[in-house]
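>>> Here is the input, now give the coordinates:
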Amino acid sequence: MQSGLVLAGGQRLSLADAVVHLDLGAARLVVLSACETGLTDIRQSPDEFLGLPAGFLQAGAPAVVSTLWPVDDLSTMLLMERFYCAHLGNGLAPAAALRDAQLWLCNATAEKLKLAERWDEVYRTTTDPTLSAAAFENMRYYELHPQEYPFSHPYHWAAFTVSGA
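Below is the predicted model:
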């Protein structure tokens, strides 16, 4: 019950707080796209299988999207962008929208994802020299390899699950 999320401003929302104090009956969906938000550590409490997704479901959310392992920032951003377009824009149920986003990301080329352009923007706008160098390298790489499938490996999309309806 002590697992939780660190929110904006450093505030912490524990699983106990979510279960006891939150009323998510009016919510349609809770999305926990950060690393390992769908895990339950049964080694610490082998008789307790209540993790963040179950806690938010218990608080009234009809569905929860969470992850099973550490996720990459860029592939997560792309996946979540496509997920929200499919769910909110096209009216797909959360599980169908997630499946659509996962298949799309898995089968998208660097050109389709506009990765060279995305990295070029990072290169032009960042003030961090380390990030600038990495952005430049990535930009050049994807300019030279536009037909590559950079997120085809399941690491980039298979960590995401839907619990609930």
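>>> for the chain, what spans make up the helices?
15-21, 52-58, 73-84, 94-107, 110-113, 115-125, 129-144 (DSSP state H).
>>> got the ones you listed as JSON lines, with mean neighbour count, distance to G38 and mean pLDDT columns?
In short, each C-beta sits where N, CA and C put it, glycine included. Shown next, in JSON lines, are those (neighbours: other CB atoms under 10 Å; distance: least, CB to CB, whole Å; pLDDT from 0 to 100):
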{"stretch": "helix 15-21", "mean neighbour count": "16", "distance to G38": "13", "mean pLDDT": "83"}
{"stretch": "helix 52-58", "mean neighbour count": "22", "distance to G38": "6", "mean pLDDT": "89"}
{"stretch": "helix 73-84", "mean neighbour count": "18", "distance to G38": "13", "mean pLDDT": "97"}
{"stretch": "helix 94-107", "mean neighbour count": "18", "distance to G38": "12", "mean pLDDT": "98"}
{"stretch": "helix 110-113", "mean neighbour count": "18", "distance to G38": "25", "mean pLDDT": "98"}
{"stretch": "helix 115-125", "mean neighbour count": "17", "distance to G38": "27", "mean pLDDT": "98"}
{"stretch": "helix 129-144", "mean neighbour count": "15", "distance to G38": "29", "mean pLDDT": "98"}
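>>> A159 is nearest to which of the ones you listed?
Closest approach to A159 among the helices of the chain (CB to CB): helix 73-84, 8.7 Å.
>>> tilt between the closest one and helix 115-125?
120 degrees (axes from the mean of the first three to the mean of the last three CA atoms, to 10 degrees).
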